[in-house]
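Q: sequence below, structure please.
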Amino acid sequence: MQVKLDELLYRNPLGGEADVRDFIREGQPVMSFPNGVLRLANGMAAVLGQTANYLLWCPQKFPGDIAFSFDFQPLEEPGLAMVWFCANGRNGRDLFDQSLAPRWGEYRQYHSGDINAYHASFFRRKNPVGERDFHTCNLRKSHGFHLVCQGADPLPDV
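A: Have a look, this model is predicted:
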């Protein structure tokens, strides 16, 4: 399928519960919609580390070679945001195939588990134990933890 550069494939205002009704949740994201804008927060305590991560998957399937954009405004630090794309189960399986190992947001399940995907990490802000000391964006390819490229994070601090 060939897509034209100006062809819109999907738009979602993420302005209310109806806009995310079909999204697949892994982990415990807490969603609210102040002023008609999606706000994501963690439903678990940050002291739980990687166990407290969460994902929110858009259910729409897209062809390859697309561009996407979204608005992001961090409200507090420390923080970390990621966007996952081109995600599928390994060996040709669907991302949500029941034969895949369960996922609940822990990072290793996504970069070295049963899926192939790309993900970009941004708003990587330092936490008290120094896990994210640099303001960089990383693009990684999985299965595995392959760093494709890295650059400066253009987002300002909160």
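
Q: ok, for residue 23, nearest residue in space, not its chain neighbours?
A: Nearest non-adjacent residue to residue 23, counting by CB to CB, 6 or more residues apart in numbering: residue 56, 5.3 Å away. The way it works is simple: take the backbone N, C-alpha and C, and place the C-beta from them, glycine included.

Q: report the secondary structure state of the one you found.
A: Of the three states, residue 56 takes strand under DSSP: H, G, I helix; E, B strand; the rest coil.

Q: now do the contacts for it.
A: 20, 23, 24, 25, 26, 29, 31, 40 (CB atoms under 8 Å, 6 or more residues apart in numbering).

Q: help me confirm that residue 108 is found in a strand?
A: No - Residue 108 is assigned helix when assessed by three-state DSSP, not a strand.

Q: what's the distance between it and residue 49?
A: To residue 49, residue 108 is 12 Å away according to CB to CB, to the nearest Å.

Q: who's more crowded, these two?
A: More neighbours surround residue 49 than the other of residue 108 and residue 49, with 14 against 10 (other CB atoms under 10 Å).

Q: wasn't the more buried one part of a helix?
A: Yes - under three-state DSSP, residue 49 sits within a helix.

Q: from residue 77, how far out is it?
A: Residue 49 is 17 Å from residue 77, by CB to CB.
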